[in-house]
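Colleague: what would the 3D arrangement of this be:
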Amino acid sequence: MRPAHRATTLMALTAIVALSLTGCGEGPAADGGSATAPADRTTAASPPASIIPVATSSPAPAGQVTFRFADGRLSFAYPEGWRVEHQQVSSSPAVETATVHDAGGKEQVAVYYSQVGDATAGNVSRSILETDPVPGLIGASVPTPSSSFFVDHAFGTATYHMGLTPGSPISPDGQVQYGLVKIGDRILTADVLFEGRQFANDQAAKDWYWGDEGRTLKALLMSFSYR
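Modeller: Below is the predicted model:
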């Protein structure tokens, strides 16, 4: 079971793997702001424990909002003024989706978090433009999930992708990596929606990636955390 728009994020369908897991409780989803003011250097060096901010492995920057899924474990941060459209598709097995819209209402990121999933595979030539391990997912999955930006070449067409990958998009032996991020008893995908927004070449893609929009979307992917 996958949302319709997720079909565009997995390419060259040749093999399907089904995963069905059980035994996960339900809980409410919540949106909430998270911002920490700079410490007042005029205060005592050791303030009472009750007012010392609690550090996290992947804190949300100031001006960001934290979204947490129904199980209370997986979360990510997105800019103020953006919004998340969340759906609890099923409670048993647990299936949740979250679509992140920017301030103008454009769908930017699709997230699928579920006890049911499928993976696809195919033959493509892949080049990595950038990939970075996500700090808040270290220890939650092996290999550590990464925020990745890469391009696949197949049938004379270049297709750019950006999202979470299970480790590097290319394995150490040079093989293209397909699969889903395994988190606890669920699987996770989080993909930037590139419908109608591909690039003329790698340089144009890199210029976008290091621009304001690309950096904002990378920050969102890098903010994923599992506790």
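Colleague: make it CA atoms for all contacts and neighbour counts henceforth
Modeller: Noted.
Colleague: what residue is smack in the middle of this protein?
Modeller: A190 (3.7 Å; Cα atoms, centre = their mean).
Colleague: quick check: closest non-adjacent residue to that residue.
Modeller: V111 (4.3 Å; Cα to Cα, 6 or more residues apart in numbering).
Colleague: report the contact partners of the one you found.
Modeller: Counting by Cα atoms under 8 Å, 6 or more residues apart in numbering, V111 touches T97, A98, T99, L188, T189, A190, D191.
Colleague: secondary structure element holding it?
Modeller: V111 is part of strand 107-114, with elements assigned from DSSP states H and E.
Colleague: what is the mean pLDDT for the longest helix along the chain?
Modeller: When the chain is parsed with DSSP state H, its longest helix is helix 212-222. Across helix 212-222, the average pLDDT comes to 97.
Colleague: could you do stretch 165-181 as well?
Modeller: So the average pLDDT for stretch 165-181 ends up being 86.
Colleague: got a list of contacts for that stretch?
Modeller: 118-121, 124-126, 128, 131, 133, 141-148, 150, 164, 182, 187-189.
Colleague: next: stretch 77-85.
Modeller: With Cα under 8 Å, 6+ apart, stretch 77-85 has contacts from 60, 63-67, 98-103, 105, 220, 223-224.
Colleague: what ranges do the strands span in this protein?
Modeller: With DSSP state E as the criterion, the chain has strands at 17-20, 30-34, 64-68, 74-79, 83-91, 94-101, 107-114, 116-119, 125-133, 146-154, 157-165, 181-183, 186-192, 225-226.
Colleague: distance to K206 added to these, as CSV?
Modeller: Converted to CSV, the strands of the chain look like this (distance: least, Cα to Cα, whole Å):
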stretch, distance to K206
strand 17-20, 33
strand 30-34, 30
strand 64-68, 25
strand 74-79, 22
strand 83-91, 26
strand 94-101, 22
strand 107-114, 18
strand 116-119, 27
strand 125-133, 8
strand 146-154, 9
strand 157-165, 11
strand 181-183, 25
strand 186-192, 15
strand 225-226, 26
